[in-house]
Structure formats: structure tokens, C-alpha cells
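Quick one, structure for this:
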Amino acid sequence: MNAQLIDRETAESYATWFKALSDPTRVQILNLLALASEPMSVGEIVDRMNIGQSTVSHHLKLLADVRFVLRERQGTSMLYSINVACVACFPSAADAVMGRPAASA
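Next comes the predicted model:
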């Protein structure tokens with residue numbers, strides 16, 4: 001077997017990514033943002049998902065912390081969009097954990 005052991009720093013990064021996706025609400029928020037044609041406010045996400053504002057804000061913070069979502073201030077509102085570049089790396093992380101060569105970007 002020629003697979004290399006993942007170094008500790010990379011393993012910690014991957015673990016935070018997997019943890020961020022371990023909640024179904026966060027997965028749904030990412031899906032909503034991926035399907036959106038433009039960035040969305042917390043209020044728009046709340047309206048579409050029918051969950052509380054504080055819950056949405058909490059999940060968006062966790063997703064932003066791992067860079068799965070991007071934040072952009074527009075006036076007094078914060079708009080959120082999916083970070084395609086970061087989310088696209090997730091399958092490569094899963095491949096690396098399984099000892100398979102990561103797909104080239």
C-alpha cells in the first residue's frame with residue numbers, strides 16, 4: 001500500500017470539515033446556498049427553512065468558521081453564499097482519509 005499517512009495538521013482541518021457537516025441543518029443550509037442564484041441574508045434563510053433566526057445564525061457561524069460559506073456585508077445586513085472552492089475540496093479530503101489519491105484540482 002503506497003498511501004501516505006495524513007499529517008496531524010491536515011487531519012485536524014479535515015476533522016473540522018467533517019464536524020461542520022455532521023448536522024443535517026448545516027447540510028441543508030449549504031444546499032440552500034448552493035442552489036441560490038445570489039447571496040442570502042439570515043432572514044431569507046430563516047424564511048426558506050422555517051427554523052429560528054438564532055439557530056440559523058449559529059449554524060452559519062460554524063460554516064463560516066470552516067470557510068464553507070462566505071460572508072459579505074451589504075449595508076446593515078450580512079449576506080451569505082457558498083464557498084465553492086472550499087466545499088469542492090471536501091471529496092478530496094474524504095479520499096485522503098480513505099487512503100486514495102486525491103483528485104487533482
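
rest of the way, CA atoms for contacts and neighbours
OK.

In contact with the nearest residue to residue 57 once chain neighbours are set aside: list those residues for me.
Spatial nearest neighbour of residue 57, chain neighbours left out: residue 42 (6.7 Å); criterion: C-alpha to C-alpha, 6 or more residues apart in numbering. Shown in contact with residue 42 (C-alpha atoms under 8 Å, 6 or more residues apart in numbering): 53, 56, 57, 78, 79, 80.

of those, the lowest pLDDT goes to which?
Of all these, residue 78 has the smallest pLDDT value, namely 93.

Could you check which helix or strand contains that residue?
strand 77-82 (DSSP states H and E).

ok, residues contacting the helix or strand following that strand?
Per DSSP H and E, the first helix or strand lying C-terminal to strand 77-82 is helix 84-87. For helix 84-87, contacts defined as C-alpha under 8 Å, 6+ apart pick out 67, 68.

chain center to helix 84-87: distance?
8 Å (C-alpha atoms, centre = their mean, to the nearest Å).

Let's see that helix as CSV, backbone CA atoms only.
Provided in CSV are the C-alpha atoms of helix 84-87 (Å, rounded to 0.1, in the frame of the first residue of the first chain):
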residue,chain,number,x,y,z
VAL,A,84,-17.5,26.7,-3.9
ALA,A,85,-13.7,26.5,-3.8
CYS,A,86,-13.7,25.2,-0.2
VAL,A,87,-16.6,22.9,-0.5
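
pLDDT on it, on average?
Per-residue pLDDT values over helix 84-87 give a mean of 77.

The chain: helices as residue ranges?
Taking DSSP state H to define them, one finds helices in the chain at 8-20, 24-35, 42-49, 53-65, 84-87, 90-97.

export the ones you listed to CSV and tack on distance to residue 74?
Output for these, formatted as CSV (distance: least, C-alpha to C-alpha, whole Å):
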stretch, distance to residue 74
helix 8-20, 26
helix 24-35, 17
helix 42-49, 12
helix 53-65, 16
helix 84-87, 20
helix 90-97, 29
